[in-house]
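one predicted model, sequence on top.
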Amino acid sequence: MKTLALFLLMITLNFVSNAQDTKGITITVTVPNVTSSDGKVMFGLYDENTFMKAAPIKSEKSEITDGTAEITFTNVPEGTYAISCVHDANDNNRMDFEANGMPKESYGVSNNNMSYGPPIWSDAKFEVGNEDLTLEIRM
C-alpha cells in the first residue's frame, strides 16, 4: 500500500512540475502617459481573428497611478498577438465616441503605430515566443 501511495504521489508531482514547465508567457504592459487619473485603463489581448472584430482573448483593467497604468497578461501561449488599450475616463466599461465617429477617450495599440482611422492588425501585431515580454503603449 505504501508503494502504491508513493507511486501515485510521484506521478502527481510529475504532472504538476510538467504543467509548470509548459505554462505560457507573461506579457507586462505599461501605459506611461495617461492624461488624468479619472477612471481606469482597459486592456485587451487579441489574435488576428478577434482584433477589431470580437471580444479579446484576455482582458484586464488597471488603476491609474501618477499617470501610469500597468497590467500583466499571464499564461499566454506562443503565437501572434496585438494589444489595445483605452482610457475609460468615465468608467463606463466602453470606449466613447463623438457623433462623427471620433473617439472621445484616449487609446493606444501595441507597437505604437497610430495612423488615421482604426488600428490595423499588421501594424499592431507582435510575436510571443518562449520569453516573457515587457511592452509600452503610448496613448
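Structure received.

show me what contacts the closest residue to Ser110 other than its chain neighbours?
Of all residues not flanking Ser110 in the chain, Ile83 sits nearest, at 4.4 Å (Cβ to Cβ, 6 or more residues apart in numbering). Every residue, glycine included, has its C-beta placed from N, CA and C. Neighbour list for Ile83: Ile27, Val29, Phe43, Gly44, Leu45, Tyr46, Phe73, Val109, Ser110, Ala124, Leu135, Ile137 [criterion: Cβ atoms under 8 Å, 6 or more residues apart in numbering].

could I get the contacting residues of the spatially most central residue of the chain?
Centroid-nearest residue in the chain: Leu45, 4.1 Å away (criterion: Cα atoms, centre = their mean). Contacts for Leu45 were tallied using Cβ under 8 Å, 6+ apart; they are Ile27, Pro56, Ile57, Lys58, Ser59, Phe73, Val76, Tyr81, Ala82, Ile83.

and with 10 Å instead?
Leu45 is in contact with 27, 29, 51, 56-60, 71, 73, 76, 81-84, 110, 128, counting by Cβ atoms under 10 Å, 6 or more residues apart in numbering.

which strand residues bridge the residue nearest to Ser110?
Taking DSSP bridges as the rule, Ile83 bridges to Leu45.

ok, it to Arg138 distance?
Distance, Ile83 to Arg138, by Cβ to Cβ, to the nearest Å: 12 Å.

now for the two: what residues contact both?
Shared contacts of Ile83 and Arg138, counting by Cβ under 10 Å, 6+ apart, come down to Gly108, Val109.
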